[in-house]
Structure formats: C-alpha cells, structure tokens
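Engineer: build me a structure from this.
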Amino acid sequence: MNSETAASEQTQRFSPGDPAAREHLLDQGYAVFKPVVAPKQCSIGLGHFWDWIRVVSDQKVMPGDVDTYHHWPLSHRPQPHIDPTYSLPPIRTRTGRLE
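Structural biologist: Prediction:
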C-alpha cells in the first residue's frame, strides 16, 4: 500500500446532509462525501459536459488529451470584468470563520 492509498483510506467520508460534514469543512478546509450520484448518471452528466466543451471550443478541446486543454475558449473562463461572481468576498460565519 502506498502513502496515497493509505491517506485516502483514512479520509472520513460523509453522507449528504450530514451536519458533521460542515463542521469538518470549517475545521479542516475540506469535506469528502460518499457517492451522491449513481455511476450511470455521473457518466451521462460527464458525457454532456464533454459534448458542450467540444462545441464551445470548436472541437479543439478533447477529453483525455491534456495537450488540447490550452484551447479552452476565453469567453467561457471566469473573467472579473464580466462575471459578477468571480471576485465575491468570502462569507464569515457566526464564529468568524471564512467560508
């Protein structure tokens, strides 16, 4: 067993809606969830995503070919001057932590 496998086996996984996930996120900066989407639905969604990417990149970005990823269309990247959510400030919780 390598260190990557050991680390992933020790990672706590939460069920959707488990309030402990939020606490873990606030304390540790991340939370890992148990599978929330059936594999078939995930595959369908991923297929739709790549179909869209192929269209908006004029077939220049191809799944699995990282050499094509630099062709990502600029009009679909977050841009501060046109995307109002790009630079939203973090939200402080009641305890003063940032979310």
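
Engineer: what's the mean pLDDT across stretch 52-71?
Structural biologist: Averaging pLDDT along stretch 52-71 yields 84.

Engineer: ranges for the helices of the chain?
Structural biologist: For the chain, the helices defined by DSSP state H cover 3-10, 19-28, 39-56.

Engineer: output those as CSV; include the columns distance to residue 66 and mean neighbour count.
Structural biologist: For the C-beta atoms, the positions are set from N, CA and C on the backbone; glycine is no exception. Shown next, in CSV, are the helices of the chain (distance: least, Cβ to Cβ, whole Å; neighbours: other Cβ atoms under 10 Å):
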stretch, distance to residue 66, mean neighbour count
helix 3-10, 20, 8
helix 19-28, 29, 13
helix 39-56, 13, 11
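
Engineer: out of the ones you listed, flag the one nearest residue 71.
Structural biologist: Residue 71 lies closest, by Cβ to Cβ, to one member of those: helix 39-56, at 9.8 Å.

Engineer: still on that earlier bit, the helices of the chain: lowest mean pLDDT?
Structural biologist: Minimum mean pLDDT among the helices of the chain: helix 3-10, a mean of 58.

Engineer: residue 24 is in contact with residue 33, isn't it?
Structural biologist: No. The pair residue 24 / residue 33 is not scored as a contact, 10.5 Å apart, by Cβ atoms under 8 Å.

Engineer: quick one: contacts for residue 62?
Structural biologist: The contact partners of residue 62, by Cβ atoms under 8 Å, 6 or more residues apart in numbering, come to 54, 68.
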